[in-house]
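# Predicted model, plus sequence, below.
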Amino acid sequence: MIIGNKEFKLNEKPYVMGILNVTPDSFSDGGTHNKFDDALYATEQMINDGADIIDVGGESTRPGYTLISDEEEIGRVVPVIEAIRERFDTVISLDTYKAGVAEAGIRAGADLINDIWGFKWDGRMADIVAAHDVACCLMHNRRVMDYTDYLNDVVKDLDESVQMALNAGVKKEKIMVDPGIGFAKNLEQNLALMNRLELLHKWDFPILLGTSRKSMIGLTLDLPVTEREEGTIATSVMGIMKGCQFFRVHNVKGNVRALQMAWAIMHS
């Protein structure tokens, strides 16, 4: 898979996407990186720890989050993307579901659009991604948790996103999918989907897993958000065993080491 100017050889190693939330209210690291210099320092640290992609987010999507305007989100992410592009040789992902923000971010240097609504929130998103020929991650989500046949419904929902992308002209080699752990799912549903991640191989696209510090871990282990690293690493290792290739995490170093160990065992 080609993202930006880098080739991701999926049969050679797992890849880690480091989370850079430039927001004051993200559930795990809110306010930590919303100062410009802090964001650049965090980026450098994640790259040094082994991050292959930096995922910049300007709007919190934690449960009960508050929507912000395109202008405010652009004001948060574009200067950071431009500065990362200028200072570091890394792939930049932009975590947004708004086409206007995506277009501004792409012009600033983003290589991948990470859309938590799988192109279903903003009808222009698929066309923007196709027009600029950037990569995308299509995540499973839905507004109402009214599943009839849960696991099959998740696959069908994601298939709709995939078809939207292809119909708009997004190239197959530019698409990855995300099961959407923690979005429109309760604890039991999150655990069940984690155990059946192989269902997402239907399209033969790379799978991105984003479980870092999420409520599934907190509820299972009865732990606050600050104590969910071991649980996150366990889900990353489970993910690589189920065939996931990309992992979106806060703690880059710990997950890189665990994934490298798991990969070595699996390919011995």
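Nice, I can see it. Numbers count the residues shown, from 1 in each chain.
# mind listing the helices for the stretch 101-250 of the chain?
Counting by DSSP state H, counting those that start in this stretch, the stretch 101-250 of the chain forms helices over residues 125-132, 150-168, 187-194, 215-221, 229-241, given from the N-terminal end onward.
# quick one: which of these is nearest residue 83?
helix 125-132 (20.3 Å; CB to CB). No exception for glycine: its C-beta is placed from N, CA and C like everyone else's.
# in that closest one, what counts as buried?
By neighbour count with 16 or more other CB atoms under 10 Å, helix 125-132 contains the buried residues 125-130.
# can you check stretch 164-175 too?
So stretch 164-175, judged by 16+ other CB under 10 Å, has buried residues 164-165, 168, 170, 174-175.
# Kindly reformat the helices of the stretch 101-250 of the chain as a markdown table and extend each row with distance to residue 77 and mean pLDDT.
Shown next, in a markdown table, are the helices of the stretch 101-250 of the chain (distance: least, CB to CB, whole Å; pLDDT from 0 to 100):
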| stretch | distance to residue 77 | mean pLDDT |
| --- | --- | --- |
| helix 125-132 | 15 | 98 |
| helix 150-168 | 22 | 98 |
| helix 187-194 | 28 | 98 |
| helix 215-221 | 25 | 98 |
| helix 229-241 | 24 | 98 |
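# Is it possible to get JSON lines of those helices that adds distance to residue 7?
Conversion of these to JSON lines gives the following (distance: least, CB to CB, whole Å):
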{"stretch": "helix 125-132", "distance to residue 7": "19"}
{"stretch": "helix 150-168", "distance to residue 7": "21"}
{"stretch": "helix 187-194", "distance to residue 7": "29"}
{"stretch": "helix 215-221", "distance to residue 7": "32"}
{"stretch": "helix 229-241", "distance to residue 7": "20"}
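# that older thread, of all pairs in the buried residues of helix 125-132, which one spans the longest distance?
125 and 130 (9.6 Å).
# Residue 44: what's it in contact with?
With contacts defined as CB atoms under 8 Å, 6 or more residues apart in numbering, residue 44 is in contact with residue 88.
# phi, psi of the residue lying closest to residue 233 once chain neighbours are set aside?
Spatial nearest neighbour of residue 233, chain neighbours left out: residue 258 (4.6 Å); criterion: CB to CB, 6 or more residues apart in numbering. Recorded main-chain torsions at residue 258 are phi -60, psi -40, according to degrees, to the nearest 10.
# these two touch, right, residue 258 and residue 235?
No: the pair formed by residue 258 and residue 235 falls short of the contact definition of CB atoms under 8 Å, at 10.2 Å.
# what's the longest strand in this protein?
Of all segments of type strand in the chain, defined using DSSP state E, the longest is strand 15-21.
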